[in-house]
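Enquirer: turn this into a structure:
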Amino acid sequence: MKRKERFLTALMGQQPDRVPMFDFLFQQPLYEALIGRRPETYNAPDVVACALALGHDAVWLRLSPPTGWQPRWLDESTHIDEWGTVFRQSASSWPFDAPVDYPISGREDLRRYRLPNPTLPGRNAELAAFWQTGHDDLALTAGVSGPFTRAWHLLGYERICYALYDDPGLLVEIFRLTVDYAKELARRCAAAGCHAIWLMEDLGDNARGFMKSAHFAEYYFNRRLIAMSYADGWAAIHLEMPPRVPRTEFSAWRYWDLIRVVTGVSAEPDSPPEVRQQASNAFMKAWNFDLRWATLISSDDLAECRTDMGHAEYDAGGADRRDAISCPFKTPEEALAFDPWGSYGPRDQAELTRRFEEHYRQRCAETPDCVNMTGIYITLVSGLIEIFGWEMLLLAAGTDPARFGRLTDRYAAWIQQYFEALAAADVPVPCAHSLEQAATPDWDDIGRAALATVAY
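Expert: From the prediction side, this is the model:
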C-alpha cells in the first residue's frame, strides 16, 4: 500500500498492510537531528521532509493567518494573535505558545467582538505548499480548533468556570460562533485537498474533564460541528449536489395549524413572540430545513415616506389582513421628482453592519442546524413598490420612462449604502430580495438600474 492508502484504510476501520505511522507535531530538535535544520515556523516543506525521514504515512499542517497579517508583539516574548488572545513564547513552547490573557470578559466584550474572517486569502497557504513538495503520497491532514479550546482562548478557563454558573448562555453563544468559524475552515481544508480533518480539542486531562459531564451535555455537545441540514444547504447554494434535494420554505413556519399538526406545539397569531418563535423553530427542525430565508432591511427603513397598500390575507386566519390604504404622492409628477437622499438621508454604516451581524447571529442561535442569512428586502423594484405602491409606480413609469429610469438610479444609489454595510458584515450568506421583471423588457433605463443593483 502507498502511504495515503494505508493511513485512510486504518481511519475507515479497515486493515492496512501494516500499522500506519503518524505524529501530530514535531519539535525543533527532532528536525535538526533528521533533516539538519531547525525551522522557525511550522511549514509544509520541513514537515514533509521530517515525516518522510521517519517513515510516516501522513502529516498534519496548520492553517495560516491571512496573507500579510503579522502578530502584534508586546515584548520580545509576548504577542497578540488575530483573535486578540495574548500568547507568551518560551524555549519549549514551539510551535504553539501559551495563552496568558484573553479578549472577552463578558457579554459587552462579546457584543463588540469581531471574529477573524475565515475566508481571507492565505488561510490555505501551507496546505497549498504541501502539494508542491515531494510528498511521496503522504496523506494530508489539517486541523480546526474545537469550540471548547477556542472558548478557552477567548475567555480563559477561569471565566469559563464562572460563566457556567453566572451566564451559561454566554458560553453557548461563544461555542456557536466558534463552531460556525470552524465549519468554514473545515470546508476550506476539504477544498485544499485534505484527506482528513482533525478537530483539535482539549476537553480534560488524565484525571477529569474540564467541565462536569452535565455541563458538557447541556452547553457543549449540542453545538454540532457539522449538521447534515447545514451541509446539504451549503452544498446547494454552491451549486454542488448533496445526497438529497435541500429544503426551504418562504413562510410555512408561521402557519400555526400546520405547525401544531407537525410538531404538537401550539401557537396562535396573538401568542407571545417567544411562544411563536419556539413553535416555528420546532417546525423548521421537524421539516428538516436546510436553508432559512431571512432579510433584515424592509419597509421600516422607508418609514419617513412610503405608501401603505394595505394587505391581503396570507397568514393563517387572515391575521395579516389590513384594509387601510394611503399614498404620500398625489401625482406621477410628484413621484418622478422624488429624492430618496432628501427624504431618508444617509445611514450610519457601522450601525447597519452591526444590525446585520446581530440579525444573522440571532437566526443562527434559533436554527443552528441550517444555513442562515440576513439581507435586504427593499432592493430596487421591491423598494420602489414600498415607496410608491403598485399603482403610482406604474403610472410614473408609464408617464415618463426616461425620468423614471433616473429615479431608479437615485434609489439604487441610496440603497447601495445598505449593500456596502452588508458586504462589511461578518455574514457568509447575504440575501437580496428582488422582483426582476416589473415592467416590459424594453424599458432600458429601468433594466440598467435594476441590473446594476443586482450585480452589486
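Enquirer: C-alpha only now, for contacts and for neighbours.
Expert: Fine.
Enquirer: what is the burial count for residue 234?
Expert: 20 (other Cα atoms under 10 Å).
Enquirer: and it, which helix or strand is it part of?
Expert: Under the criterion of DSSP states H and E, residue 234 resides in helix 228-237.
Enquirer: flag every buried residue along that helix.
Expert: Using 16 or more other Cα atoms under 10 Å as the test for burial, helix 228-237 gives 229-236.
Enquirer: got the contact list for the regular element (helix or strand) spanning residue 126?
Expert: Following DSSP H and E, one finds residue 126 within helix 125-130. Helix 125-130 is contacted by residues 43-45, 48, 61-64, 140, 142, 189, 192, 194 when judged by Cα atoms under 8 Å, 6 or more residues apart in numbering.
Enquirer: now the helix or strand following the helix holding residue 234: mean pLDDT?
Expert: As assigned by DSSP H and E, the chain's next helix or strand after helix 228-237 is helix 256-263. Taken as a whole, helix 256-263 carries a mean pLDDT of 88.
Enquirer: C-terminal to helix 256-263, what's the next element?
Expert: helix 273-286.
Enquirer: I'd like to know which elements that next one is packed against.
Expert: Where contact means 3 or more Cα pairs under 8 Å, 6 or more residues apart in numbering; DSSP states H and E, helix 273-286 is packed against helix 256-263.
Enquirer: and with 10 Å instead?
Expert: Other helices and strands packing on helix 273-286, by 3 or more Cα pairs under 10 Å, 6 or more residues apart in numbering; DSSP states H and E, are helix 256-263, helix 349-366.
Enquirer: which residues in the stretch 51-200 of the chain form helices?
Expert: Taking DSSP state H, counting those that start in this stretch as the criterion, the stretch 51-200 of the chain carries its helices at 107-112, 125-130, 147-155, 157-166, 168-191.
Enquirer: buried residues in the second one?
Expert: Judged by neighbour count (16+ other Cα under 10 Å), helix 125-130 contains these buried residues: 125-128, 130.
Enquirer: for that helix, output the C-alpha coordinates as CSV.
Expert: Extracted C-alpha coordinates of helix 125-130, given in CSV (Å, rounded to 0.1, in the frame of the first residue of the first chain):
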residue,chain,number,x,y,z
ALA,A,125,-1.1,28.7,2.2
GLU,A,126,0.7,25.8,3.9
LEU,A,127,-1.9,23.3,2.6
ALA,A,128,-1.2,24.5,-0.9
ALA,A,129,2.6,24.3,-0.3
PHE,A,130,2.2,20.6,0.6
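Enquirer: what mean pLDDT does that helix have?
Expert: Average pLDDT, helix 125-130: 94.
Enquirer: from the chain's centre, how far out does that helix sit?
Expert: In terms of Cα atoms, centre = their mean, to the nearest Å, the centre of helix 125-130 is found 24 Å from the chain centre.
Enquirer: can you offset everything so residue one is 241?
Expert: Okay, using 241 as the starting number, the last item reads as helix 365-370.
Enquirer: on that earlier part again, can you put the helices of the stretch 291-440 of the chain in JSON lines and add distance to residue 495?
Expert: Listed next are those as JSON lines, based on distance: least, Cα to Cα, whole Å:
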{"stretch": "helix 347-352", "distance to residue 495": "33"}
{"stretch": "helix 365-370", "distance to residue 495": "48"}
{"stretch": "helix 387-395", "distance to residue 495": "35"}
{"stretch": "helix 397-406", "distance to residue 495": "37"}
{"stretch": "helix 408-431", "distance to residue 495": "28"}
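Enquirer: out of the ones you listed, the one nearest residue 593 is which?
Expert: helix 347-352 (11.9 Å; Cα to Cα).
Enquirer: chain center to the closest one: distance?
Expert: Mean C-alpha position of helix 347-352 versus that of the full chain (Cα atoms, centre = their mean) differs by 18 Å.
Enquirer: can you check stretch 500-511 too?
Expert: Distance of stretch 500-511 from its chain centroid, counting by Cα atoms, centre = their mean, is 30 Å.
Enquirer: could you do stretch 287-305 as well?
Expert: On Cα atoms, centre = their mean, the centre of stretch 287-305 falls 30 Å from the chain's centre.
Enquirer: list the buried residues for that stretch?
Expert: Applying 16+ other Cα under 10 Å to stretch 287-305 flags 287-292, 296-305 as buried.
Enquirer: gap between the two ends of that stretch?
Expert: Chord length of stretch 287-305, first to last residue, is 18 Å (Cα to Cα, to the nearest Å).
Enquirer: what is the rounded mean pLDDT of that stretch?
Expert: 95.
Enquirer: same question for stretch 601-608.
Expert: On average, stretch 601-608 scores 81.
Enquirer: buried ones in it?
Expert: 601, 603-604, 606-608.
Enquirer: break the chain into its domains for me.
Expert: Domain ranges of the chain: 243-466, 492-526, 539-695, per automatic domain parsing.
Enquirer: how about those domains in TSV, adding distance to residue 486?
Expert: Listed next are these as TSV, based on distance: least, Cα to Cα, whole Å:
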stretch	distance to residue 486
domain 243-466	15
domain 492-526	13
domain 539-695	10
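Enquirer: out of these, nearest to residue 532?
Expert: Per Cα to Cα, nearest to residue 532 of the domains of the chain: domain 539-695, 5.3 Å.
Enquirer: give me the contact list for the strand or helix carrying residue 271.
Expert: Using DSSP H and E, residue 271 maps to helix 268-275. Residues outside helix 268-275 that contact it (Cα atoms under 10 Å, 6 or more residues apart in numbering) are 276-282, 286-287, 289-294, 332, 334-335.
Enquirer: one more time with 7 Å, if that's ok
Expert: 277-279, 289-290, 293 (Cα atoms under 7 Å, 6 or more residues apart in numbering).
Enquirer: which regions of the stretch 491-640 of the chain sit below the pLDDT cut-off?
Expert: By pLDDT under 70, the weakly predicted segments of the stretch 491-640 of the chain are 556.
Enquirer: quick one: which of the buried residues of stretch 287-305 is nearest to residue 245?
Expert: Using Cα to Cα, the buried residues of stretch 287-305 come closest to residue 245 at residue 297, 8.7 Å.
Enquirer: and the closest one, how far from residue 258?
Expert: For residue 297, the distance to residue 258 equals 11 Å [Cα to Cα].
Enquirer: repeat for residue 568
Expert: In this view, residue 568 and residue 258 are 80 Å apart by Cα to Cα.
Enquirer: which one of these two has more residues nearby?
Expert: Neighbour totals were compared for residue 568 and residue 258, and residue 568 leads with 14 against 10 (other Cα under 10 Å).
Enquirer: my guess is that one meets residue 547, correct?
Expert: Yes: at 6.4 Å, residue 568 counts as touching residue 547 under the criterion of Cα atoms under 7 Å.
Enquirer: hmm, back to that, will you turn the buried residues of helix 365-370 into a markdown table that also has distance to residue 424?
Expert: Formatted as a markdown table, the buried residues of helix 365-370 follow (distance: Cα to Cα, whole Å):
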| residue | distance to residue 424 |
| --- | --- |
| 365 | 16 |
| 366 | 17 |
| 367 | 15 |
| 368 | 17 |
| 370 | 20 |
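Enquirer: what is the neighbour count of residue 652?
Expert: The number of residues packed near residue 652 is 22, by other Cα under 10 Å.
Enquirer: tell me the buried residues in stretch 345-361?
Expert: Residues of stretch 345-361 classed as buried by neighbour count (16+ other Cα under 10 Å): 350, 357-358.
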